[in-house]
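Asks: Below is the sequence, then the predicted model.
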Amino acid sequence: MNTAVILGPLGQSSTKLPFYSYRVPAGFPSPALDHMEQALSLDELLDIHAPHMYLVRAVGSSMIGAGLFDGDIMVVNRGCAAAHDDIVIAVINGDTCVKRLSKQGESVVLLSENPKFPPRYLMEGDELMIWGVVVASLRRHAVHG
C-alpha cells in the first residue's frame, strides 16, 4: 500500500519564475528570451490557496499507473469534497494511504494504480477519513542542483 508522509501546510510565495510559451522539443538547448510570456508563480500555476492546501510525499509503488512514484510530492486540497475517481489521501482505520476513490453503488473501494496491489473494499466497521484530493504532483529529476 502506498503510504503518505505529511510534509506540512503550504504558505503562499511571492517568488515569480519566468514562464516561456515556447514548447521545448527534446534536444533544444534552452528557450529564447523572446518567447517569455510572463512571470508566473508556482502558487498560481498549481492554484494553491493556503490554508486548504498541503504537501504529502508518496511512499511506495501502488500508484505508478497514475504517475505517482515513490518520493513524489503531492499537492493536496483538503477544501474540496472527494468525488468518484479522485486520487485521495485516505485514512483507513488509522492507516494513511494514497488511492483512487471509487464509489460502486453503495460500496466504497480504494483502488491502487498498480496491478500488483489489490483493491481495498471498505467493510462494515471500517473507519474512513478523506484528508484531501491530490490535485498535482512534483517530481525532482536532477539529483544535484
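Replies: Structure received.
Asks: tell me which element the spatially most central residue of the chain falls in.
Replies: For the chain, the residue lying nearest the average C-alpha position, counting by Cα atoms, centre = their mean, turns out to be Met74 (3.2 Å). Using DSSP states H and E, Met74 sits in strand 73-77.
Asks: average pLDDT for that strand?
Replies: If you average the pLDDT over strand 73-77, you get 88.
Asks: Relative to it, what are the paired strands and their orientations?
Replies: Under the criterion DSSP bridges, strand 73-77 sits next to strand 53-59 (antiparallel), strand 128-138 (antiparallel) in its sheet.
Asks: Go through the ones you listed and name the closest to Leu110.
Replies: Nearest of these to Leu110, taken as Cβ to Cβ: strand 128-138 at 8.2 Å. Heads up, the C-betas are built off the backbone N, CA and C, glycines and all.
Asks: So which of the strands paired with strand 73-77 is the most surrounded?
Replies: Per-stretch averages of neighbours, counted by mean count of other Cβ atoms under 10 Å, single out strand 53-59 among these, with a mean of 20.
Asks: Which residue ranges of this structure form strands?
Replies: Ranges of strands in the chain, per DSSP state E, are 3-9, 17-20, 36-40, 53-59, 73-77, 87-92, 95-104, 107-111, 120-121, 128-138.
Asks: Just tell me which of the ones you listed ends up closest to Ala66.
Replies: Shortest separation from Ala66 across the strands of the chain is recorded for strand 87-92, at 5.9 Å, computed as Cβ to Cβ.
Asks: lowest average confidence, helix or strand, in the protein?
Replies: Least confident element among the helices and strands of the chain, by mean pLDDT, DSSP states H and E: strand 17-20 (a mean of 54).
Asks: Sketch out the low-pLDDT regions of the chain for me.
Replies: Scanning the chain with the threshold set as pLDDT under 70 gives 1-37, 39-40, 49, 145.
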